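Asks: How does the following fold in three dimensions:
(one chain, ligands or ions: 1)
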Amino acid sequence: MNNKTNFSRRQFVKQNAIAGVGAAVAMSVAPTMLANCSTDTGTPAILGGTKIRTKEWPLWPLWDPASDEEQVIKVLRSGVWSRAGLVTEFEKKWAETIGSKRCLAVVNGTNALITALVQAGIGGGDEVIIPPYTFIATAIAVLQTGAMPVFVDTDPSTFQIDPAKIEAKITPRTKAILPVHILGLPADMIKIMAIAEKHNLVVIEDACQAWLAEIDNKKVGTFGKAGCFSFQNSKNIPIGEAGAIVSDDDEYMDRCYSYHNYGNPYGSMVGTVSSGTIMAGTKLRITEYQAAIGLAQLKRLEEQTEKRNVNAAYLRSQLKKIPGILPYDFVPKVTRAAFHLFPFRYKKEKFSGLTRAQFMKALDAEGIPSMSGYTPLNKMPYLKNVMETKNFKLMYPPEMLDYNKYMERNQCPVNDQVCEETVWLFHNILIGEKEDMNDIATAIERISRNADKLLNI
Ligand SMILES: *Cc1c(COP(=O)(O)O)cnc(C)c1O
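Replies: From the prediction side, this is the model:
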């Protein structure tokens, strides 16, 4: 499939109609010339021109009553709602899909991370290395264990933790690295695992946005001791709320199971002093109807992931041609991404100084919704708050709880810039067709061409 042959006549006529060129005239132009999005000469929609995209984007989450509801209704009518066979079936399927020996489903991705960290022995007095370009759940999971997050700056081209900057942040307290495959693009697990082995650190992967992403044909979430996933409503496998931990370590997974079920004995986890509950666990079980929804959603994941990869690669190739638009790069050896989000950096100096907010406003007017993404996680008020808590005061010496010193140690200047420049497209956009990608490229190109006229919007 290449762009030239796939560029439909309808699209061809539409674009030229938008441009104010008569279809008859346009038809005399070779279609190959029109394959490039730069054929649009229209006025930006925000200045009164014709909107490029009027068709709806695919809805999210998807739900097909015909194929998805039978099992859910069966569960509802059975009265077996608490954890039973379907949760086990979902866990088996997810372990198989990821290529992991074991899987444990839990209430959400945040608690998957907390469980994985706590059962890997992370707690008060430890430091855990994390990126600042991630969802808040990554950082609060570390804090909930009692450990101290240490931020390592972002690689601006990949949006991932910069592996070249990890070693400088390792101290005698460092116990773990928590890489995040942010936006659904893999972090550089080959380099991260080498650093972890050298310094004897545990690696827990936050793959909460990276279902089916791969490095060298190996799924992310299977490189470290454990991988954590989220199935929250916005995610590529939407269940409403749910999460999972995967690992090949049986004893460790038995511990995780026990912890998620009040600390009751499970598998190899048996009491040594008497019978009964063996650890101070908690309660994180998911329900049978959540598992039934998950099993329905899993059926479409492979096909959608393929589509997102094909469409993202094409969109990236189109956007790279536009000055000032810098789409993501992959770390080495990525064979597949999840594309929870499609990111690019927006360089306003190449757009006559048009701010990112103005660019996004103009893009939205063309019918292309976008988001500005994360703000720096290493600068938010929760960090000051946690250092003033009773528990942290008991676990750390005063110099480690000096907020100004902590802020100084955890500066991530590259990430600050990434947060200011980045624009995201949501993954539902990528399950459309190639034509839909052309709409996005055409809209951005139109804004680029008219940037100087948009400075007062
Ligand atoms: C969504 C997400 C989480 C947390 O998952 P929940 O299911 O919302 O608790 C953790 N890390 C990242 C990177 C996420 O995107």
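Asks: Name the residues of the stretch 151-300 of the chain found near the ligand, please.
Replies: Residues of the stretch 151-300 of the chain lying close to the ligand (Cβ under 6 Å from any ligand atom) are Val180, Ile182, Asp206, Cys208, Gln209, Ser230, Gln232, Gly243. No exception for glycine: its C-beta is placed from N, CA and C like everyone else's.
Asks: And what about Phe392, helix, strand or coil?
Replies: Three-state call for Phe392 (DSSP: H, G, I helix; E, B strand; the rest coil): helix.
Asks: show me the residues around it that make contact.
Replies: Gly146, Val386, Leu401 (Cβ atoms under 8 Å, 6 or more residues apart in numbering).
Asks: Report pLDDT for it.
Replies: On the pLDDT scale, Phe392 is placed at 98.
Asks: now stretch 312-321, how far from the centre of its chain.
Replies: From the chain centre to the centre of stretch 312-321 is a distance of 19 Å (Cα atoms, centre = their mean, to the nearest Å).
Asks: ok, for Leu59, nearest residue in space, not its chain neighbours?
Replies: Asn428 (7.1 Å; Cβ to Cβ, 6 or more residues apart in numbering).
Asks: Same check on Pro238?
Replies: Pro61 (3.7 Å).
Asks: Would you mind naming the helix or strand containing the one you found?
Replies: For Pro61, there is no enclosing helix or strand under DSSP states H and E.
Asks: show me the contacts for it.
Replies: Asn233, Pro238, Gln297.
Asks: Dump stretch 210-222 to CSV, restricted to CA.
Replies: Output in CSV follows, covering the C-alpha atoms of stretch 210-222 (Å, rounded to 0.1, in the frame of the first residue of the first chain):
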residue,chain,number,x,y,z
ALA,A,210,2.5,-0.1,26.3
TRP,A,211,0.4,-3.2,25.7
LEU,A,212,2.1,-5.3,22.9
ALA,A,213,5.0,-2.9,22.4
GLU,A,214,8.2,-4.7,21.6
ILE,A,215,12.0,-4.4,21.5
ASP,A,216,13.7,-7.0,19.3
ASN,A,217,10.4,-8.9,19.1
LYS,A,218,10.2,-9.2,22.9
LYS,A,219,7.2,-7.6,24.7
VAL,A,220,7.9,-4.7,27.0
GLY,A,221,6.9,-5.6,30.6
THR,A,222,9.0,-8.8,30.3
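Asks: circling back: make CSV out of the residues of the stretch 151-300 of the chain next to the ligand and add neighbour count, secondary structure and pLDDT.
Replies: CSV is the format used below for those (neighbours: other Cβ atoms under 10 Å; DSSP: H, G, I helix; E, B strand; the rest coil; pLDDT from 0 to 100):
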residue, neighbour count, secondary structure, pLDDT
Val180, 25, strand, 98
Ile182, 27, helix, 98
Asp206, 30, strand, 99
Cys208, 31, coil, 98
Gln209, 27, coil, 98
Ser230, 30, strand, 98
Gln232, 18, strand, 98
Gly243, 26, strand, 98
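Asks: Pull the most distant pair out of those.
Replies: Spatial extent of those (Cβ to Cβ) is set by the pair Ile182 and Gly243 at 16.5 Å.
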